[in-house]
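[1] Fold the following and give me the result.
(chains A and B)
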Amino acid sequence: MLESGASLGPVEVAYETYGTLNADRSNAIYVCHALTGDAHAAGHHGDPDRRGWWDNIIGPGRPVDTDRFFVICSNLLGGCQGTTGPSSEDPATGRPYGLGFPLYTVRDLVEVHRALLAHMGIEHLAGAIGGSLGGMQVLQWVIDHPDEISAALVICSSSRLSAQNIAFSAVAREAIMRDPDFQDGDYYGTGRAPDTGLSIARMMAHITYLSEESMREKFGRRLQHGDAPRFDFSVDFQVESYLQHQGESFLKRFDANTYLYMTRVMDYFDAFADPATVGASLEGTSTKFLVVSFDSDWRFDTDHSREIVRQLQSWRVPVTFREIESPWGHDSFLLEIPEYHRTVEAFLDRTADDLGI
Amino acid sequence: MSLRPDLDVVAAMVHRGRRVLDLGCGDGALLAHLIDERGCDGTGVEISDEGFHACVARGVPVVVADIDQGLDDVEDDAYDVVILSQTLQATHRPALVLQEMMRVGKVGIVSFPNFGHWRLRWSLAARGRMPASRSLPYHWYDTPNIHLCTIRDFETLLAHEDLRTLRRVLLDERGRPLDDYRRRRPNLLAAGAVYMVGRSIP
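    Residues are numbered from 1 along each chain as shown, chains lettered A, B, ... in the order given. Now for the predicted structure:
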């Protein structure tokens, strides 16, 4: 049963784990992935060059230390990397759900995580961590179940999107839905898919994940071929080539309908919308928060994090917060930035000490 | 773990279970004490990386911010007690910081070194050098203390800001409460002071 009242099932969940669950089942950390992530957060499956998307932070001796913690990462509900989503088969029709997949919320994402934990016999988490949409799940999790998580790490996230954030999502969805190959979302098995729309959506989103400074540093106005501009409409600047590559490589791993659903999940998210419920839940919670933002992130700038901090503090929730200096924009949360990693590591070390693990 | 004597004086002014904000909380020792021993809800504000990491290591909630920029994110009356321990003299805008702390807290506790102490006066008068002492162990060129004041100066600022003294504890050079004899000439004989400050009743 979803928050909307619609029901969905059965739901299959793809997940990976790293490290060892201790005898008390007290050392688990849940990694919540962002918009386009998947369950493959760390390590590799035979090819050392294809490591998980958060491999730099998860592993033995890393900030999310798998010598100490048992780390779980699952593909989100509505995803396209193994967990039931719009591209999965609807048991009622025998065909992919497409847009027949019900709309769901961040709360629903969390409930699927919890069902997986119940299946694994884990009742309490040492920690939950996520960046961007991942951080939204961590926040919602604590609001809905204030005693299930000892340490909640919310990285460059938001408690509710701004009009500008929603605008970017809207344009991305328009690009997909106006693609002639979209076919009302029922493109599976037709030999056509809204690849043009999806790659444009990805290209535009990618611009918002970087900062102007990082783009200047990475590409400047450098040309792709030689020193002289071609003066035509082909891919001439390096930044164009980079975006094109991002857009095209995205098609191999992502489903357009999942992109629609996931962006919509973020649009509707409003963690503190109902102060009475939030207050009743958060007051007296044992969860400790770490909130981190990056100074060059303009997709979810520091004001989004400050708002989370302000709200949590107003309910007397212990919050540690800092803005990290980084030129890399929203993408910073995926990168190995020493002060950022040091902060995550220190916070989790303290959590482990408090829990005796 | 025992607290530094002057922090002990501050801690003694905070009642059990209070909501405490410590501005310039340093390594978080005072907050850890208030949280663990007195059941307070505590949050620190700190600008330095070392201070931040020391707080995280202690499990003390801490926010990195520059208190000279004001406390825009904090609502009026959000805290029972706001502490400014050995920090006032290192701020760029002491009056603003004082106003902000009294806006977000019902009660303020301020401790600072007394620049009117006779040793410091003597050092300047007799040796003609900028004074250094146990509580002010810096050279003039590397000191973070840019707005030093005397006890009398501080009381003038309180009056100017329409704040009143609820309690005052004078400190000796080791940060312990001053003996009776020296309490008679505080501005000359106290090495520091801790003030509990409230808003004036209109």
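[2] Helices along chain B, start to end?
    B:5-12, B:29-38, B:49-58, B:94-104, B:118-122, B:151-160, B:180-183, B:186-189 (DSSP state H).
[3] I'd like the ones you listed as a markdown table, with distance to chain A and mean pLDDT appended.
    For every residue, glycine as well, the C-beta is placed using N, CA and C. Listed next are these as a markdown table, based on distance: least, C-beta to the nearest C-beta, whole Å; pLDDT from 0 to 100:
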| stretch | distance to chain A | mean pLDDT |
| --- | --- | --- |
| helix B:5-12 | 19 | 96 |
| helix B:29-38 | 9 | 96 |
| helix B:49-58 | 4 | 97 |
| helix B:94-104 | 11 | 96 |
| helix B:118-122 | 36 | 94 |
| helix B:151-160 | 28 | 97 |
| helix B:180-183 | 38 | 87 |
| helix B:186-189 | 37 | 96 |
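[4] Tabulate those helices (TSV), appending mean neighbour count.
    What follows is the helices of chain B, written out as TSV (neighbours: other C-beta atoms under 10 Å in any protein chain shown):
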stretch	mean neighbour count
helix B:5-12	20
helix B:29-38	20
helix B:49-58	19
helix B:94-104	20
helix B:118-122	16
helix B:151-160	16
helix B:180-183	11
helix B:186-189	19
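[5] And for the helix or strand hosting A:Ala205, what's in contact with it?
    Secondary structure from DSSP states H and E places A:Ala205 in helix A:195-209. Residues outside helix A:195-209 that contact it (C-beta atoms under 8 Å, 6 or more residues apart in numbering or on different chains): A:35-36, A:168, A:171-173, A:175-179, A:181-182, A:215, A:243-244, A:246-248, A:250-251, A:254, A:256, A:259, A:298-299, A:329-331.
[6] and if you look at stretch A:250-263?
    By C-beta under 8 Å, 6+ apart, the residues outside stretch A:250-263 that reach it are A:35-36, A:38, A:76, A:78-81, A:85-87, A:97-99, A:101, A:103-104, A:133, A:169, A:172-173, A:176-177, A:179, A:182, A:185, A:187, A:193-195, A:197-199, A:201-202.
[7] Number of residues surrounding residue 132?
    Picked chain A for this. Neighbour count for A:Ser132, taken as other C-beta atoms under 10 Å in any protein chain shown: 27.
[8] The chain in question should be chain B.
    For B:Ala132, the neighbour count with other C-beta under 10 Å is 15.
[9] any idea how far the residue lying closest to it once chain neighbours are set aside is from chain A?
    Counting by C-beta to C-beta, 6 or more residues apart in numbering or on different chains, B:Tyr138 is the residue found nearest to B:Ala132 once chain neighbours are left out, at 6.5 Å. Distance from B:Tyr138 to chain A, counting by C-beta to the nearest C-beta, to the nearest Å: 27 Å.
[10] Hmm, B:Tyr138 is touching B:Pro144, no?
    Yes - the pair B:Tyr138 / B:Pro144 is scored as a contact, 7.3 Å apart, by C-beta atoms under 8 Å.
[11] that older thread, quick check: buried residues in the helix holding A:Ala205?
    Using 16 or more other C-beta atoms under 10 Å in any protein chain shown as the test for burial, helix A:195-209 gives A:195-203, A:205-206, A:208-209.
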